[in-house]
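In: I need the structure of the sequence given here:
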Amino acid sequence: MRGNCTKLRDKFTGWRCDSCGDFITSVQAGWVEWLASEDKHGNDVLSGPRPVHRGPRQKARKHNCRYDPLEEFRSSKTIVEGLPLDRLVGPDGLMVLLSLLAEGELPRREILELVRRVQIPGYELVRSLSRTRKRSKLTAPVLGHRCYLQSEIQEVLARTTGNNFILD
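Out: Numbering: from 1, shown residues only. All right, here's what the predicted structure looks like:
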């Protein structure tokens, strides 16, 4: 069972693209973007941080997962901002994400979820599983707030593999 769990995690290492739903399998292939606008008082309002594929998807007939900056500006007067995914992983990436949290411009809940997604090995897979299965069948994290320990991620993957769950 442990071998199957390891194979499943290794096969789906990466981050799920919030645009097309496919996995971003390398840090160089990823981008994190968000929308920036101003409120009626002229204060910056940032929203919707999301990991996406960095460039056009060849499998998806040249589908571009990133926001179209011109379309976003025309439709809602927002500017598209972002960073390469590699700037947000590892210790320095964690510090960048914490600085975004400290700055308070992006919604706290969205930044915390982004931190979990890009920093915690296996979290993205468990997150994907929790969206396709009843939550009651998954282990609830001891710490709460979707903060899974590595042992809990391993348990979720082992249970999933035991149930012959197949990711699409």
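In: Spell out which helix or strand contains the residue most central in space within the chain, please.
Out: Residue closest to the mean C-alpha point of the chain, counted by C-alpha atoms, centre = their mean, is Arg117 at 4.4 Å. Assessed by DSSP states H and E, Arg117 sits inside helix 108-119.
In: what about the helices in the chain?
Out: Ranges of helices within the chain are 2-11, 69-76, 90-103, 108-119, 123-132, 150-162, based on DSSP state H.
In: right, and those - which one's nearest Arg50?
Out: Nearest to Arg50, of all these, is helix 108-119, at 8.1 Å by C-beta to C-beta. For glycine as for every other residue, the C-beta is placed from the backbone atoms N, C-alpha and C.
In: name the helices or strands packed onto that closest one?
Out: On a contact count with 3 or more C-beta pairs under 8 Å, 6 or more residues apart in numbering; DSSP states H and E, helix 108-119 meets strand 44-53, helix 90-103, helix 123-132.
In: go with 6 Å
Out: If you count contacts as 3 or more C-beta pairs under 6 Å, 6 or more residues apart in numbering; DSSP states H and E, helix 108-119 packs onto helix 90-103.
In: This completes my enquiry, with thanks.
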